[in-house]
Structure formats: structure tokens, C-alpha cells
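Here is a sequence together with a model predicted from it:
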Amino acid sequence: MESKEVNVQKFVGRHLSQLKILSRLLEHELETAKGAREVTMDRHLIENILDTLEIFTDDVETVSGGLRERNRAEQKPVVARLN
């Protein structure tokens, strides 16, 4: 079971690069709008950010959800028949 948890950690680690890119992009947008109270972003850019976040969260939920299902199956109590 530990190997599956390690695989999830590796999976998340590899996919964190997507979030790092998004954070750098948002930092860049904030730097570009220095001194301004409002930040203006292109609608297409925001749609791409949302798509990336949705893909990441869906992938993580799929991988971790699959492990939860396996854990439930392994933790089912076994009933012994007494004849």
C-alpha cells in the first residue's frame, strides 16, 4: 500500500509544475500593473488558468480517489462461517 501512496506523491510533485507556472504568470501580471489598484487580464488568459486548475484537480482527485476505493476494499471485514 505504501508504494501506491508514494506514487500519488510523485504524481502530485510532477504536476505541481502546472501550478508553479500559474503562480509565476499571476505574479507577472501583478508586477505589470504596479501601482494600480485593479489588474486587467485577458479573458482568454483567465479561461486557460481555470482550465489548467481544473485539469490538475481532476487528475489528483482521480488518482487519490482510486486509492481510497482500494483502501475501502482492503478494509472490509471478513466474516468467518461457523458450521
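Looks like it arrived, so ask away. Numbering: from 1, shown residues only.

pLDDT value on the residue nearest to the spatial centre of the chain, please?
Residue closest to the average C-alpha location in the chain (C-alpha atoms, centre = their mean): residue 57, at 3.6 Å. For residue 57, the pLDDT comes out at 86.

what helix or strand does it sit in?
Using DSSP states H and E, residue 57 sits within helix 43-74.

In that helix, which residues are buried?
Buried residues in helix 43-74, defined by neighbour count with 16 or more other C-beta atoms under 10 Å: residue 56. The way it works is simple: take the backbone N, C-alpha and C, and place the C-beta from them, glycine included.

For that helix, what is the distance to the chain centroid?
Computed by C-alpha atoms, centre = their mean, to the nearest Å, the chain-centroid distance of helix 43-74 equals 5 Å.

Now do that helix: which elements does it pack against?
Packing partners of helix 43-74 (3 or more C-beta pairs under 8 Å, 6 or more residues apart in numbering; DSSP states H and E): helix 2-32.

average pLDDT for the helix it packs on?
Helix 2-32 comes out at a mean pLDDT of 81.

and it, what other elements does it pack with?
Short answer (3+ C-beta pairs under 8 Å, 6+ apart): helix 2-32 packs on helix 43-74.

Just want the angle from the helix it packs on to helix 2-32.
160 degrees (axes from the mean of the first three to the mean of the last three C-alpha atoms, to 10 degrees).

going forward can the numbers begin at 59, since that is how I track them
All right, first residue 59 from here; so that's helix 101-132.

Distance check, the residue nearest to the centre of the chain against residue 77.
Using C-beta to C-beta, to the nearest Å, one gets 10 Å for the distance from residue 115 to residue 77.

Ok, residue 104 next?
16 Å.

Likewise for residue 70?
Residue 70 is 10 Å from residue 77, where distance means C-beta to C-beta.

next one: residue 99
Taken as C-beta to C-beta, the span from residue 99 to residue 77 is 17 Å.

Need the nearest residue in space to residue 98, chain neighbours excluded.
Beyond its immediate neighbours in the sequence, the residue positioned closest to residue 98 (C-beta to C-beta, 6 or more residues apart in numbering) is residue 91, lying 7.2 Å away.

cool, residue 84 as well?
Nearest to residue 84 is residue 107, by C-beta to C-beta, 6+ apart, at 7.8 Å.
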